[in-house]
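**Q** predicted model and sequence follow; I will ask about them next.
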Amino acid sequence: MKLSRRALIKDGMLVVSAGMVMPAIFSRGVASAKALQMDGARTAMAGNDHTLIVVQMAGGNDGLNTVVPYTDATYHKMRPTLGLAEDKVLHLDDRLGLHPNLAPLKSLWDQGHLAIVEGVGYPNQSLSHFQAMDIWQTLDLNGTGSEGWLGKLVAGLVDKDGHPFQAMDIGTQTAQALSSITTPVPTLTSPQAYRLNADPTEPDGGNARLQALLKLYNTYPRSSPYAALLDTTALNAHEGGRQLLQAQGAYHPAVTYPQGPFAAGLKTLAETIVQGLGLRVGYVTLGGFDTHANQVTTHETLLKTLAEGLSAFYTDLDKHGKADNVVVMTWSEFGRRVEENGSQGTDHGTAAPLFVLGKSIHQGIYGEPPDLKNLDQVGNLKYTVDFRSVYATVLDRWMGASSKDVLGGSFGSQNFLPQL
């Protein structure tokens with residue numbers, strides 16, 4: 001059988017012997033094979049060709065200085081240094097406005113292509129980065145889950161031929177949200193990084209190593225408990241890299257993307273969409289939102305990076321005639337404390353807003369605006385929208401998948417997307 005171009009990526013190799021390499025997905029998959037046999041297919045197939053792009057704002061974004069309650073006297077009282085003045089805020093209505101560095105997103109709002117969901121969280125929210133991220137990504141409210149919600153979705157998207165680009169994660173390590181027992185997801189920093197890692201000392205460019213690996217996998221018994229798992233990685237890493245680089249050569253962005261890894265990642269996702277490689281789920285992370293001290297400059301820079309990158313991505317797709325089929329959703333593991341701290345920053349909080357953008361969304365503000373006079377015992381906002389209802393909305397109303405199957409329950413929905 002062939003090697004998986006989804007699994008054999010530059011950053012995901014495991015040395016086995018004699019200069020050979022094995023994708024880390026196989027080592028994880030072998031351990032999970034018996035569970036896989038017992039589990040069977042758990043995810044309903046998605047019923048359309050829509051694409052979902054998920055943007056993780058890692059570190060805990062300060063929602064109150066992102067979507068600002070600029071008329072709230074309590075906000076200004078509790079944030080004498082960090083609070084944004086009314087004349088600085090980009091007004092959305094007579095109560096809420098966007099941070100001034102989100103002007104590109106305000107433009108999308110004015111065009112009717114941006115929705116904001118306020119007060120997003122879950123019961124008994126964790127203030128631990130790692131536990132909170134696990135909860136958002138695996139849906140296990142104890143923070144001990146292992147399989148990601150997007151991983152379950154992607155497992156239902158990949159057909160028997162194992163199309164490699166149904167999902168793609170931009171980064172150096174696969175996000176927990178995309179982890180799946182049955183389906184490896186390509187994780188790459190750039191199209192050039194997506195290839196079988198050759199030894200520069202090999203005169204044939206690694207072909208002998210590739211052929212050796214093919215022979216190894218071809219000798220694996222088809223009747224073994226792991227054969228089905230190996231069959232899901234039926235495509236060649238070398239060929240996959242060639243195909244992606246070919247797409248890169250043919251792709252001409254319709255805009256100039258900002259500098260930096262976040263915008264570069266979005267550009268790679270745009271390339272796969274514009275060139276028709278079949279992307280259904282894309283994932284990219286923007287980190288640095290843990291603003292305990294000297295928040296103003298850091299947060300301003302991050303929001304500018306977010307807004308300019310997303311605006312370039314949307315405009316690129318729109319000019320290529322691809323924006324109708326793409327929705328972008330942001331998330332962060334938690335918000336920040338309402339009251340600023342003594343270091344001109346904010347500490348870990350709870351509920352926060354998230355953005356959903358695309359041509360098909362219903363523009364508006366969903367959920368309840370933050371009530372700064374009704375906080376929990378440590379001074380944090382109370383959530384009003386369960387994050388799983390946001391997931392359910394994009395699954396049912398955008399991806400055409402069964403949210404009940406993917407999420408393991410019913411959590412309601414929001415109205416930022418129309419019914420399919």
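**A** Nice, thanks for sending it over. Residues are numbered from 1 along each chain as shown.
**Q** so where's this structure shaky on pLDDT?
**A** 1-46, 159-164, 192-243, 247 (pLDDT under 70).
**Q** what segments of it are helices?
**A** Assigned by DSSP state H, the helices in the chain fall at 24-39, 73-78, 103-110, 129-138, 149-157, 207-218, 227-231, 237-250, 261-274, 295-319, 387-394, 403-407.
**Q** let me know the angle separating the third one from helix 295-319.
**A** This points to helix 103-110. 50 degrees (axes from the mean of the first three to the mean of the last three CA atoms, to 10 degrees).
**Q** also the fourth one?
**A** With the same axes, to 10 degrees defining the directions, helix 129-138 sits at 20 degrees from helix 295-319.
**Q** likewise the fifth one?
**A** Between the axes of helix 149-157 and helix 295-319, defined by the same axes, to 10 degrees, the angle is 20 degrees.
**Q** just checking, what packs against helix 149-157?
**A** Under the contact criterion of 3 or more CB pairs under 8 Å, 6 or more residues apart in numbering; DSSP states H and E, helix 149-157 touches helix 129-138, strand 167-170, strand 281-287, helix 403-407. Where C-beta positions appear, they are placed from N, C-alpha and C, glycine not excepted.
**Q** and what of the fourth one?
**A** Other elements packing on helix 129-138 under the criterion 3+ CB pairs under 8 Å, 6+ apart are helix 149-157.
**Q** okay, the angle between the helix it packs on and strand 281-287?
**A** Going by the same axes, to 10 degrees, helix 149-157 makes 160 degrees with strand 281-287.
**Q** ok, residue 178 to residue 89 distance?
**A** Remark: distance between residue 178 and residue 89 (CB to CB, to the nearest Å) = 35 Å.
**Q** compare the two (neighbour count), which wins?
**A** More neighbours surround residue 178 than the other of residue 178 and residue 89, with 26 against 20 (other CB atoms under 10 Å).
**Q** contact partners for the more buried one?
**A** By CB atoms under 8 Å, 6 or more residues apart in numbering, the contact list for residue 178 reads 148, 150-151, 154, 167, 169, 185, 281, 283.
**Q** between those residues, which sits nearest residue 391?
**A** residue 150 (9.1 Å; CB to CB).
**Q** for the closest one, give me its contacts.
**A** For residue 150, the residues meeting the contact criterion (CB under 8 Å, 6+ apart) are 54, 137, 167, 175, 177-178, 281, 283.
**Q** and the buried ones among those residues, selectable in ChimeraX?
**A** Buried members of the contacts of residue 150, defined by 16 or more other CB atoms under 10 Å, are picked up in ChimeraX with:
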select :54,137,167,175,177,178,281,283
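**Q** tell me which two of the contacts of residue 150 sit farthest apart.
**A** Farthest pair in these, by CB to CB: 137 and 167, 14.1 Å.
**Q** so what's residue 313 up against?
**A** Residue 313 neighbours (CB under 8 Å, 6+ apart): 53, 257, 263, 266-267, 269-270, 328.
**Q** the same query, at a cut-off of 10 Å, please.
**A** Counting by CB atoms under 10 Å, 6 or more residues apart in numbering, residue 313 touches 53, 55, 253, 255, 257, 262-263, 265-267, 269-270, 273, 282, 284, 323, 326, 328, 357.
**Q** got it, and residue 78?
**A** 64, 72, 337-340, 372, 375, 379.
**Q** now swap in residue 341 and tell me
**A** 81-82, 291-293, 295, 347.
**Q** hmm, which of these are the buried ones?
**A** So, by 16+ other CB under 10 Å, the buried ones in those are 82, 291-292, 295, 347.
**Q** among these, which ones are in strands?
**A** Counting by DSSP state E, no part of those is found in strands.
**Q** any chance of JSON lines for those, columns distance to residue 59?
**A** Rendered in JSON lines, the data for these read as follows (distance: CB to CB, whole Å):
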{"residue": "82", "distance to residue 59": "16"}
{"residue": "291", "distance to residue 59": "8"}
{"residue": "292", "distance to residue 59": "10"}
{"residue": "295", "distance to residue 59": "11"}
{"residue": "347", "distance to residue 59": "12"}
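**Q** can you count the residues close to the closest residue to residue 336 other than its chain neighbours?
**A** Once flanking residues are discounted, residue 336 sits nearest to residue 346: 3.6 Å by CB to CB, 6 or more residues apart in numbering. By the criterion of other CB under 10 Å, residue 346 has 25 neighbours.
**Q** from memory residue 346 sits against residue 339, does it?
**A** Yes. Residue 346 sits in contact with residue 339 when judged by CB atoms under 10 Å, with a separation of 8.0 Å.
**Q** overlap in contacts, those two.
**A** Common neighbours of residue 346 and residue 339 (CB under 10 Å, 6+ apart) are 79, 82.
**Q** for the nearest residue to residue 272 once chain neighbours are set aside, give me its contacts.
**A** Spatial nearest neighbour of residue 272, chain neighbours left out: residue 279 (4.4 Å); criterion: CB to CB, 6+ apart. Residues counted as contacts of residue 279 (CB under 10 Å, 6+ apart) are 49, 51-53, 163, 165-168, 269-273, 326.
**Q** circling back to that earlier point, nearest to residue 60, of the buried ones among the contacts of residue 341?
**A** Taking these together and measuring to residue 60 by CB to CB, the closest member is residue 291, at 8.1 Å.
**Q** picking up where we left off before, and residue 368, which of the helices and strands packed on helix 149-157 is closest to it?
**A** So among the helices and strands packed on helix 149-157, helix 129-138 is nearest, using CB to CB, at 19.8 Å.
**Q** now find how far off-centre that closest one is within its chain.
**A** How far helix 129-138 lies from its chain's middle: 13 Å, per CA atoms, centre = their mean, to the nearest Å.
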